[in-house]
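# 3D, please:
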Amino acid sequence: MDLSLIELSKLLPRWVDIEDLLKDELEARYILKKATSHMEKLQIGSSGGDSEEEIRFLICALVDRNWERIHTGHFSSVPLSTRKIYAIGCYFKIFFLLLEDTSSAQKEVCSGILDEAQLLGCMEDWSELKIALMNYLDIGREDNMELLPVLEPLIRISCTCDIPQLVAPSLKEFKTKCFQAEQPTLLQNIIEHWPARKKWLDLNYLLRVAGNRTVPIEIGSNYASDEWSQQLVKIRDFLERQFGTNRAKQEIEYLAQHELFSQIPALKSDISIPDYCTISKEDPPGSVDIKAWLGPAGTISPMHYDPKHNLLCQVFGSKRIILAAPKDTENLYPHESEFLGNTSQIDAAKLDMETYPLLEKVNFYELLLQPGDCLYMPPKWWHYVRSEAPSFSVSFWWE
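Modelled structure (predicted):
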């Protein structure tokens, strides 16, 4: 066991840290008690006691068992304790695999386990370990990839905007004119201080910081189409396919609505949560969900609504957006299925009045979201979004 791995293992959960979590989980309690005891003995240089191979087998079984529990029923109904046990089990599984072998191939396997733990588990209590482990697994990794382009900043153009526009409004002005009035508004000059505005144009920076992480990618330009699917891929592969020299031959892929910044804290330091997200009817304000949207030109989010306040911030690229008010919901032909109940059947960019005659009653509002712009959308406002150029957006959702 190399010294750096020994030091890293000291960030693993101790038995005292997780005992309460496991009080009703007899199987997990038994396995993790053995695992924590084994690691603590290794850290002080004594024999681990129980067979390392046996404990590794038990840990793998614990991970598999809780993976099955997570995939039984709807994800939203999975107990938080199950997701935490899954994440803890993954941490220990990674360390037992590294005790066996620290080759590049083994580290790649461990990176996949860590990413799946982040996607399915709950790792908030062990963020220091997560970051340290990502760094350890990425050290010495070589990417045999071509250089990606550094995107040119788009020149702002003059165009029609059907909603109000405000330049860096004060909190009071935003609260009165936007939040309380439930008025969609184009906001300008509020994210120019973000390091992301310049740094993310260099796709090689994104490759260095995030390339080894696994994320869910949407395949196909529109999630409501029959051809749409999802796949877990490394960000480096996604970037090469969508922005590399062979991108013209690739089907459109979209990193959409993903909590990328909790998965990759280094990217989160390039942005900041706008103060407008502190304005809320709740006291104190609730948490803010931060989502990433990265893709080539031509990605489409069909006409749909979200249940929370939404501040969509355009880091680079531009997006054509069409809005409609909640009062027009019955005229927008929502899908009847539960999965697509917040999504319209129409193509907002090419209205078919013959098939959907009630659209005659709808007032649509159009705008172009340009680099540095932010669009505030109140809850349940319908919106269609199409990227006009390679694009990275960050959305902030809050109650």
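# can you tell me the helix or strand for residue 262?
helix 260-263 (DSSP states H and E).
# Just give me how far that helix sits from the chain centre.
Taking Cα atoms, centre = their mean, to the nearest Å, one finds helix 260-263 lying 6 Å from the centre of the chain it belongs to.
# helices or strands up against it?
helix 104-120, helix 265-268, strand 289-295 (3 or more Cβ pairs under 8 Å, 6 or more residues apart in numbering; DSSP states H and E). All C-beta spots, glycine's among them, are computed from the backbone N, C-alpha and C.
# To what extent is the nearest residue to residue 195 once chain neighbours are set aside buried, counted in neighbours?
Once flanking residues are discounted, residue 195 sits nearest to residue 270: 4.5 Å by Cβ to Cβ, 6 or more residues apart in numbering. Neighbour count for residue 270, taken as other Cβ atoms under 10 Å: 19.
# Correct me if wrong: residue 270 contacts residue 198.
No. Between residue 270 and residue 198 there is no contact under Cβ atoms under 8 Å: 9.4 Å.
# Identify the residues contacting the residue nearest to residue 154 when sequence neighbours are not counted.
Nearest residue to residue 154, sequence neighbours excluded (Cβ to Cβ, 6+ apart): residue 371, at 5.4 Å. Going by Cβ atoms under 8 Å, 6 or more residues apart in numbering, residue 371 touches 153-154, 156, 197, 314-318.
# Secondary structure of residue 371: a helix, I assume?
No. Counting by DSSP: H, G, I helix; E, B strand; the rest coil, residue 371 is not part of a helix but coil.
# how far away is it from residue 80?
Distance, residue 371 to residue 80, using Cβ to Cβ, to the nearest Å: 38 Å.
# tell me the contacts of the residue lying closest to residue 326 once chain neighbours are set aside?
Once flanking residues are discounted, residue 326 sits nearest to residue 380: 4.2 Å by Cβ to Cβ, 6+ apart. Contact partners of residue 380, counting by Cβ under 8 Å, 6+ apart, are 305-307, 326, 329.
# Could you check which helix or strand contains residue 380?
Using DSSP H and E, residue 380 falls outside every helix and strand.
# now residue 393
Going by DSSP H and E, residue 393 is part of strand 391-398.
# Mind naming the longest helix for this protein?
Of all the elements of type helix in the chain, the one with the most residues (DSSP state H) is helix 80-100.
# so what does that one touch, helix or strand wise?
helix 3-9, helix 26-43, helix 52-70, helix 104-120, helix 127-138.
# With mean neighbour count, mean pLDDT and distance to residue 182 as new columns, can those helices be given to me in JSON lines?
Formatted as JSON lines, the helices and strands packed on helix 80-100 follow (neighbours: other Cβ atoms under 10 Å; pLDDT from 0 to 100; distance: least, Cβ to Cβ, whole Å):
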{"stretch": "helix 3-9", "mean neighbour count": "14", "mean pLDDT": "86", "distance to residue 182": "49"}
{"stretch": "helix 26-43", "mean neighbour count": "18", "mean pLDDT": "93", "distance to residue 182": "46"}
{"stretch": "helix 52-70", "mean neighbour count": "17", "mean pLDDT": "95", "distance to residue 182": "37"}
{"stretch": "helix 104-120", "mean neighbour count": "18", "mean pLDDT": "93", "distance to residue 182": "34"}
{"stretch": "helix 127-138", "mean neighbour count": "17", "mean pLDDT": "91", "distance to residue 182": "36"}
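# Many thanks, we can stop here.
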